[in-house]
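*Asks:* below: sequence and its predicted model.
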Amino acid sequence: MTQYVVAIDQGTTSSRAIVFDHSGSIVSSGQLEHEQIFPQAGWVEHDAKEIWDNTREVIGQALSKANITRHNVEAIGITNQRETTVVWDKNTGEPVYNAIVWQDTRTQKIVDRLAADGGVERFKQTVGLPLNTYFAGTKIAWILENVEGAREKAEAGDLLFGTTDSWVLWNLTGGVDGGIHVTDVTNASRTLFMDLKTLSWDDEILEVFGVPRSMLPEIKSSSEVYGTASPNSLLREVPIAGILGDQQAATFGQAAFDKGEAKNTYGTGNFLIFNTGEDIVHSENGLLTTLGYKLGDNKPHYALEGSIAVTGSLVQWLRDNIGLFKDSPEVEKLAETVADNGGAYFVPAFSGLFAPHWRPDARGALVGLTRFVNKGHIARAALESTAFQTREVIDAVNADSGVPLTELKVDGGMIANNLLMQFQADMLGVPVIRPVVAETTALGAAYAAGLAVGFWKDLDELRANWQEDSRWEPQMDAEEQARQLRLWSKAVTRTFDWVDEDVK
């Protein structure tokens, strides 16, 4: 009987289940989008129950398409949108509020309050992160402070918190009937609560935030058996053996296991992760210090991360909010109708600017407009903004590491866009490389689970699976590259200081 590993990829816009074989190839998949809820400007929410319902359904889709049953599945891995915060009643299984998404900026006043004593880097030496609306900690605090009865229930020990990996795992292992409340080190490192050295929750920080420790999941490694799927699951009795936050999972799926290796994921946002090995490196250039992965009892691997809030979601915005085209892939065809951006630069600071600027006061701007600019130029400027933002993050990584990247491995939905990939190589001045299996996020979760149960024996076996599909070499001359970067930098400064006391 042929055996497989199933990866559950709970992402920002959809939930997927993907069946992988021993070569790391995709056998089948199921996918369902979930609603993006925008109650007011700056607020972004998901229905956690919809996410769980969709997760169950896509597992069935993937098994059916592969014509396999649970008996063919060796292990389950989970990867997830990080920082997105779910708080639920452990007795009923009901969320007390919608999931607050990583992009959500409603907690800025909580950030400001906490930063009044010690600044935004108040906890950075301990947790590797600045105080920012991005991370889960302020979102939990907001729920406890604003949802009626939540604080009382939390202090009574009735509420649980989790990023969506924990929410899926708890439900998959039985929910109110014995559900396991666990997360892994990579997701825990995105809360503002985990000590990077001890890999445990920091009680002093929890006290400052007013979050009871009883809400938090147990922190485990990224690759071990946490439990088995519940009897009412299609995958009943199959071990759940891997958890990685989506960006760390993509890094793992790219086989970037060693110090100095890196990848960039082009999804809803862009996320570059640079492996720093067993060393904790604190950035001097606006990057985050995070966990890369931890395999069982082995020592953890750390990473520097450059997080960009809006890249693929800018294309969605042009499609859904502006109606510039009907389907996202059309953005490339539209951009190809013009030779360049026509002098237009699009800075999508919809949720402020993340790395390397960390400017919550910024808001989006389309600048350099003349009557010459048409919708093709706007489409091209939107794609180019992704490459420009990535260049800023790469510059920060090079400065922090002291070892300039010589090539960039890429993954995520946007890497199908050849125009973007070529422009990215031009802006970086180094080759951009796409792997054969572009679904590296799900693959990384599958790898972590498969390693834990012996489906794959070691990292060398996983390295041997990685194959190059396409490569883009830089073609732009240095003078034109410098001009483009100069104008981009000018455009970025135009987004600063937009939010003040009178602007929501």
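*Replies:* Sure, I can see it. The shown structure was predicted, so the numbers you read here are calculated from the model rather than taken from an experiment.

*Asks:* just for the protein, where's the confidence low?
*Replies:* Residues of the chain meeting the criterion pLDDT under 70: 501-504.

*Asks:* mind naming the longest helix for it?
*Replies:* helix 375-401 (DSSP state H).

*Asks:* for the next helix or strand after that helix, which helices and strands make contact with it?
*Replies:* Downstream of helix 375-401, the next assigned helix or strand under DSSP states H and E is strand 408-411. With contacts taken as 3 or more CB pairs under 8 Å, 6 or more residues apart in numbering; DSSP states H and E, strand 408-411 sits against strand 262-266, helix 418-428, strand 432-435. Bear in mind the C-beta positions are built from the backbone N, C-alpha and C, glycine included.

*Asks:* can you add mean neighbour count and distance to Ile240 and give these back as JSON lines?
*Replies:* Below are these laid out as JSON lines (neighbours: other CB atoms under 10 Å; distance: least, CB to CB, whole Å):
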{"stretch": "strand 262-266", "mean neighbour count": "26", "distance to Ile240": "23"}
{"stretch": "helix 418-428", "mean neighbour count": "22", "distance to Ile240": "35"}
{"stretch": "strand 432-435", "mean neighbour count": "22", "distance to Ile240": "26"}
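
*Asks:* how about TSV for these, with distance to Lys375 added?
*Replies:* As requested, those are exported to TSV (distance: least, CB to CB, whole Å):
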stretch	distance to Lys375
strand 262-266	22
helix 418-428	15
strand 432-435	26
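
*Asks:* His46 is in contact with Gln36, correct?
*Replies:* Yes: contact criterion CB atoms under 8 Å: Gln36 and His46 qualify, at 7.3 Å.

*Asks:* quick one: which of those two has more around it?
*Replies:* His46 (23 against 16; other CB atoms under 10 Å).

*Asks:* partner residues bridging the more buried one?
*Replies:* Ala99 (DSSP bridges).

*Asks:* so it versus Ile100, what's the distance?
*Replies:* Remark: distance between His46 and Ile100 (CB to CB, to the nearest Å) = 8 Å.

*Asks:* thinking again about what came up before, now for the longest helix of the chain, which elements pack on it?
*Replies:* Against helix 375-401 (3+ CB pairs under 8 Å, 6+ apart) you get strand 262-266, strand 270-277, strand 301-308, helix 312-320, helix 330-335, strand 345-347, helix 418-428, helix 478-493.

*Asks:* got the ones you listed as JSON lines, with distance to Gln81 columns?
*Replies:* Converted to JSON lines, these look like this (distance: least, CB to CB, whole Å):
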{"stretch": "strand 262-266", "distance to Gln81": "12"}
{"stretch": "strand 270-277", "distance to Gln81": "11"}
{"stretch": "strand 301-308", "distance to Gln81": "12"}
{"stretch": "helix 312-320", "distance to Gln81": "12"}
{"stretch": "helix 330-335", "distance to Gln81": "22"}
{"stretch": "strand 345-347", "distance to Gln81": "23"}
{"stretch": "helix 418-428", "distance to Gln81": "22"}
{"stretch": "helix 478-493", "distance to Gln81": "26"}
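
*Asks:* so which of the ones you listed gets nearest Thr92?
*Replies:* helix 312-320 (32.8 Å; CB to CB).

*Asks:* what residues does the closest one touch?
*Replies:* 12-13, 103, 266-269, 310, 324-328, 331, 346, 348, 350, 378-379, 382-383, 385-386, 412-414 (CB atoms under 8 Å, 6 or more residues apart in numbering).

*Asks:* state the helix or strand in which the residue of the chain most remote from its centre lies.
*Replies:* Most distant from the centre of the chain: Arg371, at 37.7 Å, with distances by CA atoms, centre = their mean. Using DSSP H and E, Arg371 sits in no helix or strand.

*Asks:* show me what counts as buried in the longest helix of the chain.
*Replies:* 376-397, 400-401 (16 or more other CB atoms under 10 Å).

*Asks:* and for stretch 181-193?
*Replies:* Quick answer for stretch 181-193 (16+ other CB under 10 Å): 181-193.

*Asks:* repeat for stretch 250-259
*Replies:* Here stretch 250-259 shows 250-257, 259 as buried, counting by 16+ other CB under 10 Å.

*Asks:* mind checking how far it is from the chain centre?
*Replies:* 15 Å (CA atoms, centre = their mean, to the nearest Å).

*Asks:* CA atoms only: put that stretch into PDB for me.
*Replies:* The C-alpha coordinates for stretch 250-259 follow below in PDB (Å, rounded to 0.1, in the frame of the first residue of the first chain):
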ATOM      1  CA  ALA A 250       7.900  27.600   3.300                       C
ATOM      2  CA  THR A 251      11.500  27.900   4.400                       C
ATOM      3  CA  PHE A 252      11.500  24.300   5.400                       C
ATOM      4  CA  GLY A 253       9.800  23.300   2.200                       C
ATOM      5  CA  GLN A 254      12.600  25.100   0.300                       C
ATOM      6  CA  ALA A 255      15.100  22.900   2.100                       C
ATOM      7  CA  ALA A 256      16.700  26.100   3.500                       C
ATOM      8  CA  PHE A 257      17.800  24.200   6.700                       C
ATOM      9  CA  ASP A 258      21.200  25.700   7.200                       C
ATOM     10  CA  LYS A 259      22.700  29.000   8.400                       C
END
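
*Asks:* what about Arg483, how many residues nearby?
*Replies:* So Arg483, with other CB under 10 Å, has 12 neighbours.

*Asks:* ok, now Val281?
*Replies:* What Val281 shows, counting by other CB under 10 Å, is a neighbour count of 16.

*Asks:* correct me, but it touches Asp400?
*Replies:* Yes: with contacts counted by CB under 8 Å, Val281 reaches Asp400, the gap being 6.5 Å.

*Asks:* any common contacting residues for those two?
*Replies:* Common neighbours of Val281 and Asp400 (CB under 8 Å, 6+ apart) are Leu304.

*Asks:* so for His46 and Ile100, which residues contact both of them?
*Replies:* Thr84.

*Asks:* on that earlier part again, looking at the helices and strands packed on strand 408-411, which is nearest to Pro360?
*Replies:* The closest of the helices and strands packed on strand 408-411 to Pro360 is strand 262-266. By CB to CB, the value is 22.8 Å.

*Asks:* what helices or strands is the closest one leaning on?
*Replies:* helix 246-253, strand 270-277, helix 375-401, strand 408-411, helix 440-453.

*Asks:* next up, the contacts around Gln108.
*Replies:* Gln108 neighbours (CB under 8 Å, 6+ apart): 133, 360.

*Asks:* from Ala250, how far out is it?
*Replies:* 29 Å.

*Asks:* and for His22?
*Replies:* 20 Å.

*Asks:* for Gly149, same thing?
*Replies:* Applying CB to CB to Gly149 and Ala250 gives a distance of 38 Å.

*Asks:* next one: Ala309
*Replies:* From Ala309 over to Ala250 (counting by CB to CB), the distance is 17 Å.

*Asks:* do Thr276 as well
*Replies:* 17 Å.

*Asks:* wait, what's in contact with Ala349?
*Replies:* Contacts of Ala349 (CB under 8 Å, 6+ apart): 309-310, 359, 362-365, 495.

*Asks:* again, 7 Å this time
*Replies:* 362-364, 495 (CB atoms under 7 Å, 6 or more residues apart in numbering).

*Asks:* farthest pair in those?
*Replies:* Largest pairwise distance in the contacts of Ala349, by CB to CB, is 8.1 Å, between Ala362 and Gly364.

*Asks:* quick one on the thing from earlier: which of the contacts of Ala349 ranks first by neighbour count?
*Replies:* Busiest of the contacts of Ala349 [other CB under 10 Å] is Ala362, holding 25 neighbours.

*Asks:* which stretch of helix or strand covers it?
*Replies:* Using DSSP H and E, no helix or strand contains Ala362.

*Asks:* wait, isn't it in contact with Thr495?
*Replies:* Yes: using CB atoms under 7 Å, Ala362 makes contact with Thr495 at a distance of 4.1 Å.

*Asks:* perfect, that will be all.
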